[in-house]
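>>> Whatever this is, show me its structure:
(2 chains)
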2 protein chains.
Amino acid sequence: MPVLVMKFGGTSVATLDRIRRAAKRVGVEVAKGYDVIVIVSAMSGKTNELVGWVNETSPMYDAREYDAVVSSGENVTAGLMALTLQEMDVPARSWQGWQVPVQTTSAHSAARIEDIPPANIMNKFAEGMKVAVVAGFQGVSPEGRITTLGRGGSDTTAVAFAAAFEAERCDIYTDVDGVYTTDPRVESKARKLDKISFEEMLELASLGAKVLQTRSVELAMRYKVKLRVLSSFEEQSDEAGTLVCDEEEIMESNVVAGVAFSREEAKMTLVSVADRPGIAALIFSALSDAGVNVDMIVQNISEEGRTDMTWSCPVDQVKRAEQAMAEAKSSGIINYSELLADQDVAKVSVVGIGMRSHTGVAAKMFQVLSNEGINIQVITTSEIKISVLINRKYMELAVQALHDAFELDKAA
Amino acid sequence: MPVLVMKFGGTSVATLDRIRRAAKRVGVEVAKGYDVIVIVSAMSGKTNELVGWVNETSPMYDAREYDAVVSSGENVTAGLMALTLQEMDVPARSWQGWQVPVQTTSAHSAARIEDIPPANIMNKFAEGMKVAVVAGFQGVSPEGRITTLGRGGSDTTAVAFAAAFEAERCDIYTDVDGVYTTDPRVESKARKLDKISFEEMLELASLGAKVLQTRSVELAMRYKVKLRVLSSFEEQSDEAGTLVCDEEEIMESNVVAGVAFSREEAKMTLVSVADRPGIAALIFSALSDAGVNVDMIVQNISEEGRTDMTWSCPVDQVKRAEQAMAEAKSSGIINYSELLADQDVAKVSVVGIGMRSHTGVAAKMFQVLSNEGINIQVITTSEIKISVLINRKYMELAVQALHDAFELDKAA
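This next block holds a predicted model:
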């Protein structure tokens, strides 16, 4: 029998009614002849409650105990889903991570899946079981302790199972009905994409389109797992949602696939640092050690042996960055006159694998923003992405203008 | 190091504050030099919530999935307790049933503990861990599935660990401060017992004194585990609570240790059944098959080859008993004229190992009830117990009169 992986997120299993609705979708795929592996998250709100208890109990918690506590939400959903399927006369049973076993590293709270031996579940499929309901987000370490994969880890669990079981497809059921050219709340003409390449999805995921966890897309790309994102709240056909797949499978596509944005950015500038070899390494390793996720970096032209260094980072890490720079200064590691922080910026990006073979995307993007009178503060580019930092008040305008200029409301 | 087992019930770990209070008690025992095994229940209310979800999902649920779901509450408490102890600088870690492993039968929802290999936990004690926090009520079947021991099973977990680790004592922390001569809500002069024998506790437990689960007392008696019942809500000394122990350890005791009672009784009489060999077996196996827990049984004197059969059972099983008898009649297994059900009775018992060597307890009991004008409907006796069924409205009066007559407010 071909194997299908179906993953249901927290909002899709938030109540017993929603679990029933999800189980019906599973029943449809079983009726088509699939052996189905269902990956479930905790009922929405449950994991936050457990995390809250852990934080209140022990602010500097032992991550092994954190994992033992917070993994319990998924176990509850897995059992309830198996019972719901049994009520529909679908042979099903639940599996906790250690039962499969989902073998992970010992990096508690952020463990990586090392292996998923398929034998135990495949034996049950051979005996007539049709659905294995697996608690997502969790695994077991070589020491036999429960691990978790980090927030959003259930997407990664789903993709890892799809790879291990050579599944035909991995369907991610969520509260949106697919991947859009941009956020429909910002641009009403945003269009749902039928297909998107792994590379594009990866850029969109890491740029803040919260549909899929970045790590799950990386894993899907590496193992060529066909990922489909679709809504658990609508009746679904085989062509519903958005298929995330290899670019070879996408016949026609726009040069630009989508416009992404992120509001929560800050721009920081270290004024008048010595322009000598190794200075950038000192600055950015100090920031990295302090847990600051630096995104864009610009170094100004040097004047009289001194330069300014500018970077962007999430706005809630500004304090941490200021502290790290102050410490580096007082301990004599770096010297600078002042550190400026502009917390009033946003990042807007255009993403598309078509940019590899089409020149002029950057020029067109800059022209569009210029026509709207929007000043570009920082620019970074990759092979399939161009990002700019702009004043936050122009963010919506920029997204709408770019969506329009690249004709993203029209299919290729 | 000597090992001590400490068990905390649901009300004792209902909030993070209460978990902290319980952890402080554990810290006191660690400071005395014990290696401590802590058995925890789910935070009160949690198990009921999970059971409710299972019942709503699947009224005829798969007990294996039931166990996978309802066992999760204890896992949460175990992790939080371990974190709380760590915050107090007490080296601790949590263990789920399968990690120990607590090996049980495959009788899901009512599994029996088969073995608890002490090696894993003892190795950690040898490495310097001071407290093993174990999720109560759960284990793992030979098939590697999660099992539960039935409601109140955490008491049984605690006693089984005390036996397996040859613990010096098993302390059961609960919301009462010990075992009383009777329920203080019915008789204000009720006195807390310092010690009680296993046999007496067993009679009191099965008679409805809800301090300890019957099965845990049986297990403690078999393995000679010293059990202590005490309150988690009061400051405790070494002599606090009630010690449940072998009768040889009790130097002096009253002839009668306590007065127990049960309100939820019904008396049923099958009128005019054929008085022939095997008829009782037919009646009571039909009731047993229907899940009716018959307690007292009386067979009247035979007249003209027919007799009346009277029994008592929990009041909520009357309907089930009526159905079982009607079916047995319609299928020709037994014949009777009518089935009477008196749902207005209560059972009152006096319990004491001193009754073995003292005659006259029964006579005194009947005299006391007679003095109060209370009619006795059914009597049963065992070596250390006399029970009577009376009209429910006299129950409090009977308990108070017996408590007074046997001078239970005074220590031996």
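
>>> Got phi/psi on A:Ala92?
phi -150, psi 150 (degrees, to the nearest 10).

>>> Chain B versus that one, what's the distance?
Per CB to the nearest CB, to the nearest Å, A:Ala92 is found 9 Å from chain B. Every residue, glycine included, has its C-beta placed from N, CA and C.

>>> Quick one: neighbours of that residue, just the number.
By other CB atoms under 10 Å in any protein chain shown, the residues close to A:Ala92 number 28.

>>> Same question for A:Gln367.
By other CB under 10 Å, 12 other residues sit near A:Gln367.

>>> give the contact list for it.
Listed by CB atoms under 8 Å, 6 or more residues apart in numbering or on different chains, A:Gln367 has no contact partners.

>>> can you give me the strands for the stretch 301-412 of chain A?
A:306-314, A:338-351, A:378-382, A:385-391 (DSSP state E, counting those that start in this stretch).

>>> The ones you listed: which one's closest to chain B?
Closest to chain B of these is strand A:306-314 (CB to the nearest CB; 28.3 Å).

>>> Which elements pack onto the closest one?
strand A:258-274, helix A:279-289, strand A:297-299 (3 or more CB pairs under 8 Å, 6 or more residues apart in numbering or on different chains; DSSP states H and E).

>>> Of these, give the one that comes closest to B:Val345.
For B:Val345, the closest of the helices and strands packed on strand A:306-314 is strand A:258-274, at 70.0 Å, according to CB to CB.

>>> Could you check how far that closest one is from the centre of its chain?
21 Å (CA atoms, centre = their mean, to the nearest Å).

>>> follow-up on the earlier one: ranking the strands of the stretch 301-412 of chain A by burial, who's on top?
Highest mean neighbour count among the strands of the stretch 301-412 of chain A (mean count of other CB atoms under 10 Å in any protein chain shown): strand A:385-391, with a mean of 22.

>>> May I have the strands that pair with that strand, each with its orientation?
Here strand A:385-391 has these sheet partners by DSSP bridges: strand A:338-351 (antiparallel), strand A:378-382 (antiparallel).

>>> okay, the ones you listed in CSV with mean pLDDT next?
Shown next, in CSV, are the strands paired with strand A:385-391 (pLDDT from 0 to 100):
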stretch, mean pLDDT
strand A:338-351, 94
strand A:378-382, 87
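
>>> will you turn the ones you listed into CSV that also has distance to A:Val140?
Compiled in CSV, the strands paired with strand A:385-391 are given as follows (distance: least, CB to CB, whole Å):
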stretch, distance to A:Val140
strand A:338-351, 37
strand A:378-382, 37
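
>>> Which stretch among those approaches A:Thr310 most closely?
Checking those against A:Thr310 by CB to CB gives strand A:378-382 as the closest, at 6.5 Å.

>>> what comes into contact with stretch A:226-233?
So stretch A:226-233 is contacted by A:8-9, A:11-12, A:18, A:21-22, A:25, A:159, A:162, A:168-179, A:201, A:211-212, A:216-217, A:220, A:236, A:240-245 (CB under 8 Å, 6+ apart).

>>> Buried only: go through these for me.
Listed as buried from the contacts of stretch A:226-233 are A:8-9, A:11-12, A:18, A:21-22, A:25, A:159, A:162, A:169-174, A:176-179, A:201, A:211-212, A:216-217, A:220, A:236, A:240-245; burial here means 16 or more other CB atoms under 10 Å in any protein chain shown.

>>> So which of the residues you listed are in strands?
Among these, the members falling in strands (DSSP state E) are A:8, A:169-174, A:242-245.

>>> out of those, which one sits closest to B:Met122?
A:Phe8 (41.7 Å).

>>> For that closest one, give the beta-bridge partners.
According to DSSP bridges, beta-bridge pairing links A:Phe8 with A:Val40, A:Tyr173.

>>> my read: it touches A:Ile37, true?
No: with contact defined as CB atoms under 8 Å, A:Phe8 does not reach A:Ile37; the gap is 11.8 Å.

>>> how about the residues of the stretch 1-150 of chain A near chain B?
Contact residues, the stretch 1-150 of chain A versus chain B (CB under 8 Å from any CB of the partner chain): A:16, A:19, A:50, A:53-54, A:56-58, A:61-62, A:64-66, A:68-69, A:71-73, A:75-76, A:78-80, A:82-84, A:86-87, A:93-94, A:96, A:98-99, A:144-146.

>>> ok, which stretches of the stretch 51-200 of chain A are helices?
Assigned by DSSP state H, counting those that start in this stretch, the stretch 51-200 of chain A shows helices spanning A:63-70, A:72-87, A:119-126, A:153-164, A:198-206.

>>> quick one: average pLDDT of the third one?
Spelled out, that is helix A:119-126. Helix A:119-126 shows a mean pLDDT of 97 in the predicted model.

>>> residue in the stretch 151-300 of chain A nearest to chain B?
A:Ser154 (16.5 Å).

>>> Check that residue and give its pLDDT.
So, for A:Ser154, pLDDT stands at 94.
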